[in-house]
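Colleague: task: produce atomic coordinates for the following.
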Amino acid sequence: MKKLEIIIKPEKLEDLKGVLDTEEVNGLNIVNSMGYGNQKGIIKNYRGAEYSVNLLPKIKVETVVADEVAPKLIDKIVDEINTGHFGDGKIFVYDVEDAIRIRTGEHGTKAL
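Modeller: You can find the predicted model right below:
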C-alpha cells in the first residue's frame, strides 16, 4: 500500500476530489495548512505599501491506496492539478506496512 500526501492550493481541492472520486479512492483526510516552497512567498501591495507574505494557504490531502493504483492515480492528479506556475504543490509517496480497520479488525487493502 502507498500513502499519498498531496499538498495543493486551496482552489484546486474540488479538482483533486474529482480525480480521487473517479479512481474510487475510499477515503481521504484534509488538513488546512500554511507554507511556502522555492518562491519563499509573494510580495503584495496594500494601499501603496509593499509587504511580504511568506506563508501561503495550502491544503494537505492524505489517502492510502493499493500499490497497483498509486502510479496511475499520481499521473492523473498531476495532469489535473498542474497549472505550470509556482506553488502548484507536491505529492509525497510513502510505503504503508499495514492498515487496520478498527471496527472489524480487517488488515491490509481490505481495511481501506
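Colleague: gap between the longest strand seen in the chain and the chain center?
Modeller: In the chain, assigned by DSSP state E, the strand with the most residues is strand 56-65. In terms of Cα atoms, centre = their mean, to the nearest Å, the centre of strand 56-65 is found 3 Å from the chain centre.
Colleague: quick one: distance of the next helix or strand after it to the chain centre.
Modeller: Once strand 56-65 ends, the next helix or strand along the chain (criterion: DSSP states H and E) is helix 70-81. Offset of helix 70-81 from its chain centre (Cα atoms, centre = their mean): 11 Å.
Colleague: now do the residue lying farthest from the centre of the chain, the pLDDT please.
Modeller: Relative to the centre of the chain, the most outlying C-alpha is that of G48, 35.4 Å out, by Cα atoms, centre = their mean. Here, the pLDDT recorded for G48 equals 78.
Colleague: do Y51 as well
Modeller: Looking at Y51, its pLDDT is 69.
Colleague: angle of the helix or strand encompassing D15 against strand 56-65?
Modeller: Per DSSP H and E, D15 falls inside helix 13-22. Orientation check (axes from the mean of the first three to the mean of the last three Cα atoms, to 10 degrees): helix 13-22 against strand 56-65 gives 10 degrees.
Colleague: remind me what helix 13-22 packs against, helices and strands.
Modeller: If you count contacts as 3 or more Cβ pairs under 8 Å, 6 or more residues apart in numbering; DSSP states H and E, helix 13-22 packs onto strand 56-65, helix 70-81. Where C-beta positions appear, they are placed from N, C-alpha and C, glycine not excepted.
Colleague: next one: it to chain centre, how far?
Modeller: That offset, for helix 13-22, works out to 10 Å (Cα atoms, centre = their mean).
Colleague: shaky segments in the chain?
Modeller: Confidence mapping of the chain against pLDDT under 70 gives the ranges 41-42, 51.
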